[in-house]
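In: return atomic coordinates for the entry below.
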Amino acid sequence: MPLLMRTLRTTVVGLIVFCCLVFVPAGTLAYWQGWAFIAVFGISTTLIGLYLALTNPVLLERRIKAGPAAETRPVQKIIITLSFAVFCLMLIVSALDHRFGWSRVPAWLSIVGNALVVVGLMIDLRVFHENSYGASTIEKMEGQKVVTTGPYAVVRHPMYVGVLIMVLGTPLALGSGWGLVLAAAIVPILVLRILDEERLLRDELEGYDTYARDVRYRLLPGIW
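Out: As a prediction, this is how the structure comes out:
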């Protein structure tokens, strides 16, 4: 199947899953925050997929290869499974929050949440533009070199910065305060993924140790 068609199929399947995780626990389709989030996420990811299909199909192939089964390191299989599970649970809790009114998030804050989702995804697109080896899995690829330009000059793992912003924006977009608790639970999982990824990079990617000395912070400048 052509890459573009596989990308669109993956996007459609993902959106169907998202709809189930959001609207089934919400118990209603009259949930504008849910529709807005799915529209924002769906349009953004589709545009990113189309852009990569046209400009960097090799990277898109690497991005499509994702999930626990695609990981080669046992610890990453566990980490990805946990991250997927917590993210799905975050969507469910956010929808239940809407259904039962556990918290109140004003409409303007939901709009801010959607903006954060877009910002996070656009940061990742910027990373893809800079790094053609930005796969979904943790592995050393043939010909891979250390990237030190663009966002990589600021932090060592800018793709995860985008992921973190997107994750934190999601429960707000869905109008949930309690969903932020699950969003916060993703942070330590992300930290574990980064630490294990750096062990691989230091062992297998020439020049990474020097790069790590030059760019001190992994995720948040001035903090970590």
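In: what's the weakest-modelled helix or strand in the chain?
Out: Sorting the helices and strands of the chain by mean pLDDT, DSSP states H and E puts helix 57-64 at the bottom, at a mean of 78.
In: can you give me the mean pLDDT across whatever helix or strand comes next after that one?
Out: Using DSSP states H and E, the helix or strand that follows helix 57-64 in sequence is helix 74-100. The average pLDDT for helix 74-100 rounds to 93.
In: how big is the angle separating the helix or strand following helix 74-100 from helix 57-64?
Out: Once the chain leaves helix 74-100, the next helix or strand it forms, by DSSP H and E, is helix 107-130. Between the axes of helix 107-130 and helix 57-64, defined by axes from the mean of the first three to the mean of the last three C-alpha atoms, to 10 degrees, the angle is 130 degrees.
In: let me know the angle separating whichever helix or strand comes after helix 107-130 from helix 107-130.
Out: Downstream of helix 107-130, the next assigned helix or strand under DSSP H and E is helix 158-173. For helix 158-173 against helix 107-130, the angle by the same axes, to 10 degrees is 160 degrees.
In: nearest residue to the residue nearest in space to the middle of the chain in space, ignoring adjacent ones along the chain?
Out: Per C-alpha atoms, centre = their mean, the C-alpha nearest to the average position across the chain is that of Val163, at 3.7 Å. Among residues not flanking Val163 along the chain, Gly120 sits closest, at 6.5 Å (C-beta to C-beta, 6 or more residues apart in numbering). All C-beta atoms are positioned from the backbone trio N, CA, C, and that covers glycine.
In: can you tell me how far the residue nearest to the centre of the chain sits from Asn114?
Out: As judged by C-beta to C-beta, to the nearest Å, Val163 and Asn114 stand 16 Å apart.
In: if we can go back for a sec, which helices and strands does the least confident helix or strand of the chain pack with?
Out: Counting contacts by 3 or more C-beta pairs under 8 Å, 6 or more residues apart in numbering; DSSP states H and E, helix 57-64 is packed against helix 3-26, helix 32-55.
In: mind saving the C-alpha coords of that helix as CSV?
Out: Output in CSV follows, covering the C-alpha atoms of helix 57-64 (Å, rounded to 0.1, in the frame of the first residue of the first chain):
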residue,chain,number,x,y,z
PRO,A,57,8.9,9.8,3.2
VAL,A,58,11.8,7.9,4.8
LEU,A,59,11.2,9.7,8.1
LEU,A,60,7.4,9.1,7.8
GLU,A,61,8.1,5.4,7.5
ARG,A,62,10.1,5.6,10.7
ARG,A,63,7.3,7.5,12.4
ILE,A,64,4.6,5.0,11.3
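In: which positions within that helix qualify as buried?
Out: By 16 or more other C-beta atoms under 10 Å, the buried positions in helix 57-64 come out as 59-60, 62-64.
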